[in-house]
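Output the structure for:
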Amino acid sequence: MNSKYEAVIGLEVHAQLLTDTKIFCKCSTKFGVPPNTNVCPICLGHPGVLPVLNKKVVEFTVLIGLATECTINERSVFARKNYFYPDLPKGYQISQYEEPICEHGNISIEFKDGSTKDIGITRIHMEEDAGKSIHDMGFDTMIDVNRCGTPLMEIVSEPDMRTPEEAYLYLTKLKQILTYLNICDGNMEEGSLRCDANVSIRLKGETKLGTRAEVKNMNSFRNVENAITSEIDRQIDIIEDGGKVIQQTLLWNADQNKIVPMRSKEEAHDYRYFPDPDLMPVVVEETWRNEIASKMPELPEKRKQRFVSQYSLPKYDAEVLTSSRELADYYENILTITDDYKSASNWVMTDVLKVLNDEKINVANFPISSENLGKLIKLINDKVISGKIAKDIFPELLKSNKDPNEIVKEKNLVQISDTGAIESAVDKILSANQAQIQEYLSGKEKVLGFFVGQIMKETKGKANPQIVNDILKSKLELLRM
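As a prediction, this is how the structure comes out:
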């Protein structure tokens, strides 16, 4: 990016809500069913039908509003957004326009250096989704109206972001909050979280906004970051070549890594918004708002701070462990079995996350229960097994999720703490490695690791490592005399 310019970026995020039924009817919202099966006369806008608002949609929207420090308006109004497209059988989309339910919030993002920045939220409003047009079926366009009436929230940021990185961090934080609240699954590939970016540029120090373009069709956070970078570079090239940026809607082509024009950008008046005559204003009185607020779970930022203070974890550990609500719950469930906070953190951050990443699964599908992982850590701390044996047991747990105490008994893996037996093993290894003894005595203390490894091999990994080290050092020091 040319250092003369700065970008001005605002994001519009559509989050599909985790309700069982649609926003104005009882049709299912289940994803992946055959085309045109989750539909009814209300979805299709047949004459004479009347929409009825899903109460859960209001509660979920108020929850995200509270979580992002928005003002929750006591009165909000649904409006009709009029436009023609084949996948919108009614000819209008029910949304909110002049009187949305939530306004004037913010989300704080954190950079790698620990500094933070607040990104303002202009508004959050409820609306219904449109259907889906499928253009890749030969010469025909196929229409699937299953998605018509699926409940959405649109979350509109202020144009406070200046770099693609800030947009990425904002999206990541927003998704984290939505999934913590369990109101959206955040799956961009299935379309349950969609993002449009409004991008403009201006000379640094300028206060007037430049002409903005809207970028669509981004199905991952990295694609959002790459598309914004590409659009900033495109606008700078136009200005530097003496041209003018025009207001338009653009599509991101991830395969070709480039922006392509879609259409000129519409203004609000193009949609002829007017209040929906079939829907009453939504009234959220203080009593109802407080009832919804009482269901608020501990949010990620607060939970991260608590993990640092309550469990004395490094900030990095706390950040990783609270990256998702399910992972944080899994970690805290381990602590009902063991109070070794740091060991539990290490096991989750290394062994558990490795499996999750390799298998591309989430912690809800992880085969080892938090209880059994807690028992494994407790076996180490109680000196029943060594850390090495625990690592050998871990794959067994992945296969069976069996109680680790039973595995230890069945395979006779109980740690050897008998000093006589360990001393015998130490003597045997020292006797067989005279050259390494001389190296140690000459000052090469790294050889100690060689001896420990050989002794553990001799005892099939069952010797208590602390006792091994104590006896080994004692015997080697005697040889110095």
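
Spatially, what comes nearest to the residue nearest the centre of the chain if we skip its sequence neighbours?
Relative to the mean C-alpha position of the chain, the nearest C-alpha, by CA atoms, centre = their mean, is the one of residue 176, at 4.8 Å. Excluding its sequence neighbours, the residue lying closest to residue 176 (CB to CB, 6 or more residues apart in numbering) is residue 300, at 5.2 Å. Where C-beta positions appear, they are placed from N, C-alpha and C, glycine not excepted.

What's the local residue count around the one you found?
20 (other CB atoms under 10 Å).

which element is the residue nearest to the centre of the chain on?
Residue 176 is part of helix 164-180 when elements are defined by DSSP states H and E.

What residues of that helix count as buried?
164, 166-171, 173-180 (16 or more other CB atoms under 10 Å).

what's the closest of these to residue 25?
Ranking the buried residues of helix 164-180 by separation from residue 25, with CB to CB as the measure, puts residue 178 on top at 23.7 Å.

Quick check: the closest one touching residue 14?
No - with contact defined as CB atoms under 8 Å, residue 178 does not reach residue 14; the gap is 11.3 Å.

Give the residues shared as contacts by these two.
Common contacts of residue 178 and residue 14, defined by CB atoms under 8 Å, 6 or more residues apart in numbering, comprise residue 193.

wouldn't residue 211 be in contact with residue 239 here?
No - Residue 211 is beyond contact range of residue 239, at 10.0 Å (criterion: CB under 8 Å).

Now do the shared contacts for the two.
Common contacts of residue 211 and residue 239, defined by CB under 8 Å, 6+ apart, comprise residue 245.

List the contacts of the residue nearest to the centre of the chain.
Residue 176 is in contact with 300, 323, 324, counting by CB under 8 Å, 6+ apart.

and which of the residues you listed is nearest to residue 438?
Within the contacts of residue 176, distances to residue 438 taken as CB to CB reach their minimum at residue 323, with 51.1 Å.

got any ranges where the stretch 301-450 of the chain has weak pLDDT?
Flagging of the stretch 301-450 of the chain using pLDDT under 70 yields the residue ranges 415, 418.

Spatially nearest residue to residue 69 (excluding sequence neighbours)?
Closest residue in space to residue 69, ignoring its immediate chain neighbours: residue 105 at 4.8 Å, by CB to CB, 6+ apart.

Report the secondary structure element holding that neighbour.
When the helices and strands are read off by DSSP H and E, the one containing residue 105 is strand 102-110.

buried set for that strand?
102, 103, 105, 107, 109.

which residues touch the first one?
Contacts for residue 102 (CB under 8 Å, 6+ apart) come out as 61-62, 64-65, 68, 70-73, 121, 123-125.

Could you dump the residues you listed into TSV with neighbour count added?
Formatted as TSV, the entries for the contacts of residue 102 read as follows, by neighbours: other CB atoms under 10 Å:
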residue	neighbour count
61	31
62	23
64	23
65	28
68	22
70	23
71	12
72	21
73	20
121	26
123	22
124	24
125	24
